[in-house]
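**Q** sequence unavailable; structure follows:
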């Protein structure tokens, strides 16, 4: 049985609803993780997505951030935030158990610059996330971590490693923080199927003609524990949406899992 999961930083669900609905109708994933929905829970378009067969689980926030998981079947369980006794002032994490697989959807802080206090918030986010997985799961559990992780893990994941060296998104400290979470037991599904391909998922609005010139970053990821990774049969970035009218600055990434192999 084929099962498809996707992640998409939509950069405003209300302004990009038609794009999302059209994409869902075309690609038909079983689960879609959304980041930067930029709305409170009551403002999320639950009805429009229900009309095309998707349930919505939302962790929203006014004007900024916000994450959601939409799925063809109702989740068995949904959780929001880290639940570790610390304050979650920003809506950046939602998880749902769907078809027996825990799906964690994160919008990791961008970090602004290595000298900014927000960069430490980014490193703390990774530490809290790693502690959550260590505390509540094992690497043998069927688990997926997806979302806008805001780190290009390797030099091939950014358009110019030399130009961007030491800057946010490729800084050694955040690459190390991401690596520590992944060392617990997560495989990079895109790299499993494309070990040497230079593929981006984000093109900055602020760089003139960044998409046409392919000045991009691979910031959007689908990571999975070994059971799920072994059952994955494909992982791709959907470039079509970045060239559409009023696009997000990110594109969806999707992975296909053979549930019979789990």
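**A** Received it, and whenever you're ready, just let me know what you need. Model, not experiment: these values are computed from the prediction.
**Q** how about the residue in the chain that sits furthest from its center?
**A** residue 162 (25.7 Å; C-alpha atoms, centre = their mean).
**Q** that residue should be in a helix, yeah?
**A** Yes. Per DSSP: H, G, I helix; E, B strand; the rest coil, residue 162 lies within a helix segment.
**Q** mind checking pLDDT for it?
**A** Here, the pLDDT recorded for residue 162 equals 96.
**Q** separation between it and residue 204?
**A** In this view, residue 162 and residue 204 are 17 Å apart by C-beta to C-beta, to the nearest Å. Every residue, glycine included, has its C-beta placed from N, CA and C.
**Q** quick check: the residue most central in space within the chain vs residue 258, distance?
**A** The chain has residue 147 as the residue nearest its centroid, 0.8 Å off, counting by C-alpha atoms, centre = their mean. Distance, residue 147 to residue 258, using C-beta to C-beta: 23 Å.
**Q** which SS class is residue 181?
**A** Residue 181 ends up helix, using three-state DSSP.
**Q** that one: neighbouring residues, count only.
**A** Counted by other C-beta atoms under 10 Å, the residues lying close to residue 181 total 23.
**Q** and the pLDDT at it?
**A** pLDDT, residue 181: 98.
**Q** next one: residue 218
**A** 98.
**Q** can you check residue 76 too?
**A** Reported pLDDT for residue 76: 98.
**Q** what's the neighbour count on it?
**A** Neighbour number of residue 76 under other C-beta under 10 Å is 11.
**Q** residue 96 versus that one, what's the distance?
**A** In terms of C-beta to C-beta, residue 76 sits 8 Å off from residue 96.
**Q** number of residues surrounding residue 48?
**A** 15.
**Q** could you do residue 131 as well?
**A** What residue 131 shows, counting by other C-beta under 10 Å, is a neighbour count of 14.
**Q** did I read that right, it in a strand?
**A** No. According to three-state DSSP, residue 131 belongs to no strand; its state is helix.
**Q** got the contact list for it?
**A** Contacts for residue 131 were tallied using C-beta atoms under 8 Å, 6 or more residues apart in numbering; they are residue 84.
**Q** so how far is residue 205 from it?
**A** Counting by C-beta to C-beta, the gap from residue 131 to residue 205 is 34 Å.
**Q** need the contact list for residue 251.
**A** Here residue 251 is in contact with 8, 201, 202, 220, 237, 238, 239, 240, 241, 242 (criterion: C-beta under 8 Å, 6+ apart).
**Q** now do the same for it: its pLDDT.
**A** So residue 251 comes in at 98 (pLDDT).
**Q** can you give me the strands in this protein?
**A** 2-9, 31-35, 55-59, 67-71, 77-80, 93-98, 101-107, 143-148, 187-188, 202-203, 216-217, 220-224, 232-237, 253-258 (DSSP state E).
**Q** list of residues touching the second one?
**A** Counting contacts by C-beta under 8 Å, 6+ apart, the residues outside strand 31-35 that touch it are 4-10, 13, 20, 24, 54, 66-72, 98, 103, 105-107, 146-148, 252.
**Q** average model confidence for that strand?
**A** So the average pLDDT for strand 31-35 ends up being 99.
**Q** report pLDDT for the nearest residue to residue 216 once chain neighbours are set aside.
**A** What sits nearest to residue 216 in space, not counting adjacent residues and going by C-beta to C-beta, 6 or more residues apart in numbering, is residue 200, at 2.8 Å. Note on residue 200: pLDDT of 98.
**Q** isn't residue 200 right up against residue 156?
**A** No. Counting by C-beta atoms under 8 Å, residue 156 is not a contact partner of residue 200; they are 10.0 Å apart.
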